[in-house]
Structures are given as C-alpha cells and as structure tokens.
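*Asks:* coordinates for the following, if possible.
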Amino acid sequence: MNTEQKFSFNSTSLDQSFNLGTKLAKLIHPPILIELVGDLGGGKTALVKAIAKGLGITQTVTSPTFNIHRGYEAPSGIRLEHFDLYRLNDDEIVENELQDSLASSNTIVCTEWANHFSKHMAEDRLMVECHYIDDNTRRYDFTSTGPISSKIINGLKQ
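*Replies:* Down below sits the predicted model:
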C-alpha cells in the first residue's frame, strides 16, 4: 500500500504560519517525528513554536541552533523535543540522544536540518520542506512516509 501523501501550504503572514502549526499540533500524537528541512529563514522554528503553542506549552520556544537540542513539556505530559542539526556533520554526536527521544512513547520530535541524519530517522515520519519566498511568504511542503504521517496530512487537507 502506498502511504505517501503530499500537501503544500502557502503562508503570506506569520499568523497563517502560526495557524498551520497549531492545526498540526491537534493532528499529531506521540510518538512522531517531524523532519524540517529547507531554506534559512524558511519558517522551520516558527512552525515548531506554533506546534508547541498548540500543545499548550507556555515556555518560550527558541531555536536550538547553538544548543543542538531543547526539550519542553506540555501540560498533558507530552514532551516536545526540538533538535537543530545544522552545524553538525558527525552522526555520533547526537545519535544516542536522538534515538532516546524517538523511542519515547510520549514524545513529539521536531528535527531541523536532519536530511544528512536520515539513517537515524523513524521510517514513518512527517517531512516538511520550508521555503522562504519573500519577507512575508513561506511555502510548506509536507510529505508522509508511512500510515501515521499520512493520516496527519489527510487532516491538514481538510
């Protein structure tokens, strides 16, 4: 059975991107991996911030570029683990931490710049390509890789 689904969304404002992320938060259930790739300034961290808000996380969500990883907990007990692998070239640096997060049954993992770490990624994951179009416009291209992520995309289409 082919479970690959695709969905694209053009956002012309930060509010539209925020609404997309909060809608996504209502559709995702742990454990799930959301792989974010794309342009610098493409809206990857903004989407993670909106997902966090949609999960009820009140902490300030910031880019983990220099920390590599930041974790947050929603009031429901769901963990949001946010990785930024932009500066890394060595899989071993984050392999154990990433694998532990992916193995947790109550965790949503959002990973920016994970394309060179694909061998460590969950087989069924939601891939999001984030494109900078201009100062106000971003395009988000979603692709599913399995049945769980396909259901999420079907929900986004509605």
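*Asks:* find the least confident helix or strand in this structure, judged by mean pLDDT.
*Replies:* The weakest-scoring helix or strand in the chain, judged by mean pLDDT, DSSP states H and E, is helix 91-103 (a mean of 73).
*Asks:* starting at the chain centroid, how far to it?
*Replies:* Per C-alpha atoms, centre = their mean, to the nearest Å, the displacement of helix 91-103 from the mean C-alpha position of its chain is 16 Å.
*Asks:* for that helix, packing partners?
*Replies:* strand 79-84, strand 107-112 (3 or more C-beta pairs under 8 Å, 6 or more residues apart in numbering; DSSP states H and E). C-beta here means a position set from N, CA and C on the backbone, and glycine is covered the same way.
*Asks:* got these as JSON lines, with distance to His29 columns?
*Replies:* Converted to JSON lines, the helices and strands packed on helix 91-103 look like this (distance: least, C-beta to C-beta, whole Å):
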{"stretch": "strand 79-84", "distance to His29": "13"}
{"stretch": "strand 107-112", "distance to His29": "8"}
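*Asks:* mind putting those in a markdown table, distance to Glu4, mean pLDDT and mean neighbour count included?
*Replies:* Compiled in a markdown table, the helices and strands packed on helix 91-103 are given as follows (distance: least, C-beta to C-beta, whole Å; pLDDT from 0 to 100; neighbours: other C-beta atoms under 10 Å):
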| stretch | distance to Glu4 | mean pLDDT | mean neighbour count |
| --- | --- | --- | --- |
| strand 79-84 | 24 | 93 | 24 |
| strand 107-112 | 19 | 93 | 25 |
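*Asks:* of all those, which one comes closest to Leu126?
*Replies:* strand 107-112 (9.6 Å; C-beta to C-beta).
*Asks:* got a list of contacts for the closest one?
*Replies:* Residues from elsewhere that reach strand 107-112 (C-beta atoms under 8 Å, 6 or more residues apart in numbering): 28, 30-37, 44-45, 48, 51, 55, 63, 78-86, 98, 101-102, 117, 121.
*Asks:* could you redo the last one with a cut-off of 6 Å?
*Replies:* 28, 30-36, 44, 48, 79-84, 101-102 (C-beta atoms under 6 Å, 6 or more residues apart in numbering).
*Asks:* quick one on the thing from earlier: the least confident helix or strand of the chain to strand 79-84, inter-axis angle?
*Replies:* Per axes from the mean of the first three to the mean of the last three C-alpha atoms, to 10 degrees, the angle that helix 91-103 makes with strand 79-84 is 160 degrees.
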